[in-house]
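# kindly return the folded structure for what I paste below:
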Amino acid sequence: MKKFLLIAVFLIPAMLHAQWTDEYGTWVSLGAKKNIGTKWSLGLEAEYRAQESSRWAIGIDAGYKLNKIIKFGAGYTLLYNRKPEKLKGDPLEDDEYTKTPAYCYPRHRFIVEATADKRFWKWLRISLRERYQLTYRPAYDYDRTEYNKVIDFDKDWNPIERWEESPIVKSKASKTTQLLRSRLKLEVDKKYWKFSPFVSAEACNSVAVGDHMSLDKVRTVVGTSYKLDKQHEFTLGYVLTFVFNDEDEQSDKIQYNNRIHAVSVGYNFKF
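Okay, here's the model as predicted:
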């Protein structure tokens, strides 16, 4: 709890005064969970994020409940990202520009986590989750075309403009990122209520060698879940992510102060 208070004290003034670029999207997820006895559980989840760089994901996880408060978990997720077409320069004004067609690439993500969860006053549930996340991106190639304006002359020496194309293949080296994700969640969990409103805040810190716990992003979520019955549950929320350090996949430049707004819709089946 103290960690989140310190983050709020130092980051809220920075968030208010920084210049932000905004991105909008929709996140849709489908999940299934199976309890094995009273201690173990297995889960499967598929997700699609529609935004500037869309993403598909499918993952599997396992959980172990140590007692009424503490739970441990581990999982693997296959991510498949799609980068949109990118145009650098203006064909109507510049004498040269580059065009990178849309392309896709995979990533592999592994997580281990511990969650402390407790109910207070018979209606409020507070949970604190610490998650270590390692993501590996294999090396891949993608296409790019460079356009240069050249001037030719016809037989009467009249100038004729045309574009000269130079296709090239760009390569991205493999990369591994490591994050420590700390999430605080407050949820209304009252008996016989089908709706359970919640709010959460998560700090994502890079823990790779040399990063010294540098803050990459802060994600906040406001929403509600709806339990149709013991097996079927729906969630709806608004996700606001403050991205402080984000590497652009095509140029390897670090982008700062990007805000991502998303509507999140989910369905979970328990059996």
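
# stretch 123-138: which residues count as buried?
Neighbour counts using 16 or more other Cβ atoms under 10 Å place 125, 127-129, 131, 133, 135, 137 of stretch 123-138 among the buried residues. (Each C-beta comes from the backbone N, C-alpha and C, glycine too.)

# return the member of the residues you listed nearest to residue 231.
Residue 231 has its nearest neighbour among the buried residues of stretch 123-138 in residue 125, at 20.2 Å by Cβ to Cβ.

# from residue 33, how far out is the closest one?
Remark: distance between residue 125 and residue 33 (Cβ to Cβ, to the nearest Å) = 17 Å.

# before we move on, what about residue 46?
Noted for residue 46: a distance of 13 Å to residue 33, by Cβ to Cβ.

# who has more neighbours, those two?
More crowded of residue 46 and residue 33, by other Cβ atoms under 10 Å: residue 33, with 17 against 14.

# now the more buried one, nearest residue through space, not along the chain?
Take residue 33 and drop its neighbours on the chain: the residue closest to it by Cβ to Cβ, 6 or more residues apart in numbering is residue 43, 4.6 Å away.

# which residues sit against the one helix or strand that neighbour maps to?
In the assignment (DSSP states H and E), residue 43 maps to strand 40-50. With contact meaning Cβ atoms under 8 Å, 6 or more residues apart in numbering, strand 40-50 is reached by 25-36, 54-65, 75, 262.

# mind listing what's buried in it?
Going by neighbour count (16+ other Cβ under 10 Å), the buried part of strand 40-50 is 41, 43, 45, 47, 49.

# could you do stretch 185-202 as well?
Across stretch 185-202, burial judged by 16+ other Cβ under 10 Å covers 185, 187, 189, 196, 198, 200-202.

# what mean pLDDT does that stretch get?
The average pLDDT within stretch 185-202 is 94.

# using PDB, write out every CA atom in it.
Provided in PDB are the C-alpha atoms of stretch 185-202 (Å, rounded to 0.1, in the frame of the first residue of the first chain):
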ATOM      1  CA  LYS A 185      -7.400  -3.600  -6.500                       C
ATOM      2  CA  LEU A 186     -10.500  -2.600  -4.500                       C
ATOM      3  CA  GLU A 187     -13.800  -4.400  -5.300                       C
ATOM      4  CA  VAL A 188     -17.300  -4.300  -3.900                       C
ATOM      5  CA  ASP A 189     -18.000  -7.900  -3.000                       C
ATOM      6  CA  LYS A 190     -21.300  -8.100  -1.200                       C
ATOM      7  CA  LYS A 191     -23.200 -11.300  -0.700                       C
ATOM      8  CA  TYR A 192     -26.100 -11.800  -3.100                       C
ATOM      9  CA  TRP A 193     -25.000  -8.900  -5.300                       C
ATOM     10  CA  LYS A 194     -24.600  -9.700  -9.000                       C
ATOM     11  CA  PHE A 195     -22.700  -6.600  -9.800                       C
ATOM     12  CA  SER A 196     -19.200  -6.000  -8.300                       C
ATOM     13  CA  PRO A 197     -17.800  -2.600  -9.100                       C
ATOM     14  CA  PHE A 198     -14.000  -2.300  -8.900                       C
ATOM     15  CA  VAL A 199     -11.100   0.000  -9.300                       C
ATOM     16  CA  SER A 200      -7.400  -0.900  -9.700                       C
ATOM     17  CA  ALA A 201      -4.000   0.700 -10.200                       C
ATOM     18  CA  GLU A 202      -0.900  -1.000 -11.500                       C
END
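
# on that earlier part again, counting only strands, which of the contacts of strand 40-50 make the cut?
25-36, 54-65, 75, 262 (DSSP state E).

# separate out the buried members of those.
Neighbour counting with 16+ other Cβ under 10 Å marks 25, 27, 29, 31, 33, 54-55, 57, 59, 61, 63, 65, 75, 262 as buried within those.

# between which two of these is the distance greatest?
Spanning the widest gap among these are 54 and 65, at 34.9 Å by Cβ to Cβ.

# do I have it right that residue 257 meets residue 217?
No. Contact between residue 257 and residue 217 fails when scored by Cβ atoms under 8 Å: they sit 10.9 Å apart.

# who touches both of the two?
By Cβ under 8 Å, 6+ apart, the residues touching both residue 257 and residue 217 are 242-244.

# show me what contacts residue 261?
22-25, 238-240.

# give me the buried subset of these.
25, 239.
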